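1. Coordinates for the following, if possible.
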Amino acid sequence: MENTEEVLSETDKQIVKALQEDFPLCEEPYKVLAERVGMDENEFLQRVKVLMAERKIRKMGAVLRHREVGFKANALCAWNVPPEKLDEIAATMIKNPAVSHCYDRTIAPNWNYNLYTMVHAKTREECDSTIEELAKTSGVKDYRVLYSKKEWKKTGMKYFTENVRDL
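-> Purely as a prediction, here's the structure:
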C-alpha cells in the first residue's frame, strides 16, 4: 500500500488540513477554505476533485451534534440477522430517517449479533418505537438495545496536523 504522505504534494496536504477543520458556515465556504490554503476557489475545488478522482480523498461528510439539535435519546441496536439476509435487512433499516449508522460485524463468542444500527430520537419512547418498527419491518426478533449514557467528543480523523497554517 502506498504511503499517502509520499504521494501528496505540500499544497494537497494543506487542502486536506483545511477540509478536516470545521466547515465555514457562510455563503462561500470553499472560497474561505481556499483562502486559508493560499489559492483561489476554482483552483481549490479543482484540486479537491482530482484528489477524489485519485481516491486520495474517499469521502467528506458532516458530523451532526445531534444532542445540540434536540435528539436526546440514542441507542445502538445489535441485531442477530441470518447472514444470507444481511444486505436485504440492512437496506430496509437504513431507509428509516432515525437510523444514522448501519454496519455489519463478525459475531463473537456469546454475542451472536452481526448487524448494528444507531438510532436517534428526541425521547427514549420515540427511540423505542423506532426500534420496534425496525424489528417489525425486518422480521428480526433477536436484538439488543444499548442506550447511550454519555456522549464523548465527536472528532474525525486528522491528517497532516503538524504546522497547520492559519487554521
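2. My guess is K56 contacts L8. True?
-> Yes - with contact defined as C-beta atoms under 8 Å, K56 reaches L8; the gap is 6.5 Å. Backbone N, C-alpha and C define where each C-beta goes, glycine included.
3. Of these two, which one has the most company?
-> A side-by-side neighbour count of K56 and L8, using other C-beta atoms under 10 Å, places L8 first with 19 against 15.
4. who are the neighbours in contact with the more buried one?
-> Contact analysis of L8 by C-beta atoms under 8 Å, 6 or more residues apart in numbering lists V16, K56, F160.
5. Least confident of those residues?
-> Lowest pLDDT of the contacts of L8: F160, 71.
6. Surely A78 touches Y113?
-> Yes - here A78 lies in contact with Y113, judged by C-beta under 8 Å, at a distance of 3.6 Å.
7. shared neighbours of the two, anything?
-> Y143, R144.
8. Tell me the helix or strand right after the longest helix anywhere in the chain.
-> Longest helix of the chain, by residue count under DSSP state H: helix 124-138. Per DSSP states H and E, the first helix or strand lying C-terminal to helix 124-138 is strand 143-147.
9. Check which helices and strands that following strand is in contact with.
-> If you count contacts as 3 or more C-beta pairs under 8 Å, 6 or more residues apart in numbering; DSSP states H and E, strand 143-147 packs onto strand 73-79, helix 124-138.
10. Go through those and pick out the most buried.
-> strand 73-79 (a mean of 20; mean count of other C-beta atoms under 10 Å).
11. just to revisit the earlier point, tell me the gap between the longest helix of the chain and the middle of its chain.
-> 22 Å (C-alpha atoms, centre = their mean, to the nearest Å).
12. Excluding its own residues, what touches it? List them.
-> Residues contacting helix 124-138 (C-beta under 8 Å, 6+ apart): 73-75, 77, 79, 81, 89, 92-93, 96, 98-99, 117, 119-121, 140-141, 143, 145, 147.
13. can we see that at 7 Å?
-> 73, 75, 77, 89, 92-93, 96, 98, 117, 119, 121, 141, 143, 145 (C-beta atoms under 7 Å, 6 or more residues apart in numbering).
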